[in-house]
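In: Just to be clear, the model below is a prediction. Sequence and coordinates:
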Amino acid sequence: MTATHTTHRSTAKQNWAAGTMVFAGVMLMLAGLLDIFRGIMAIAEDDVFVTTRNYVFEFDLTSWGWIHLALGVLGVVVSLGLFRAATWARVAGVAIAGLIIIANFLSLPYYPVWSVVLIAFSAFVIWALCTVRRDDSFEPFESPGRDI
């Protein structure tokens, strides 16, 4: 009876780990895609951006566009690694999400609502990637209780 309870607990941990990893992958994919779109809009010098004067971190709008485009592409690539449950993707995911938060904070006056949304998405990614422990081994797309 104890073995059954332990197996159930282990399966629950594996399901929790798989769920948070998939959540982090989806959120990082969304943040990356939104950052790619923002970068393209800034490179094209779209009129949706607000121009502010006397901002400490003032870059050219095109420079912000390339920064966001690069971070978005990296975010999408890392999210694909998260779907494969790669360890490198967990580390890189936290790093890329942190850089996305910093870039969106620094470019906050140019497009405030979008920046806040991306900061929230990236914060959820960091939370999800940091809550799964290393000893919670799992296969994200394997059904529990199925032996191959």
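Out: Cool, the structure landed.
In: where in this protein is pLDDT low?
Out: Flagging of the chain using pLDDT under 70 yields the residue ranges 1-18, 46-59, 133-148.
In: hey, where'd the helices end up in it?
Out: 2-43, 61-83, 87-106, 112-131 (DSSP state H).
In: how close does Arg38 get to Thr87?
Out: 29 Å (C-beta to C-beta, to the nearest Å). C-beta: built from backbone N, CA, C; applies to glycine.
In: quick one: which of these two has more around it?
Out: Relative neighbour count places Arg38 above the other of Arg38 and Thr87, with 28 against 9, counting by other C-beta atoms under 10 Å.
In: so that one makes contact with Gly72?
Out: Yes: the pair Arg38 / Gly72 is scored as a contact, 7.4 Å apart, by C-beta atoms under 8 Å.
In: count of neighbours near Val113?
Out: 8.
In: Let me fix that, I meant to ask about Trp114.
Out: Trp114 has 20 nearby residues by other C-beta under 10 Å.
In: Distance check, it against Thr20.
Out: Distance from Trp114 to Thr20, by C-beta to C-beta: 25 Å.
In: With Ala89 instead?
Out: 13 Å.
In: Neighbour count: the two, which is higher?
Out: Ala89 (23 against 18).
In: Quick one: neighbours of Ser115, just the number.
Out: 19.
In: Please disregard the earlier target; I meant Ala44.
Out: Neighbour tally, Ala44, other C-beta under 10 Å: 11.
In: Excluding chain neighbours, what is closest to it?
Out: Gly65 (7.7 Å; C-beta to C-beta, 6 or more residues apart in numbering).
In: Now for the one you found: which residues touch it?
Out: Arg38, Gly39, Ile40, Met41, Ala42, Ile43, Ala44 (C-beta atoms under 8 Å, 6 or more residues apart in numbering).
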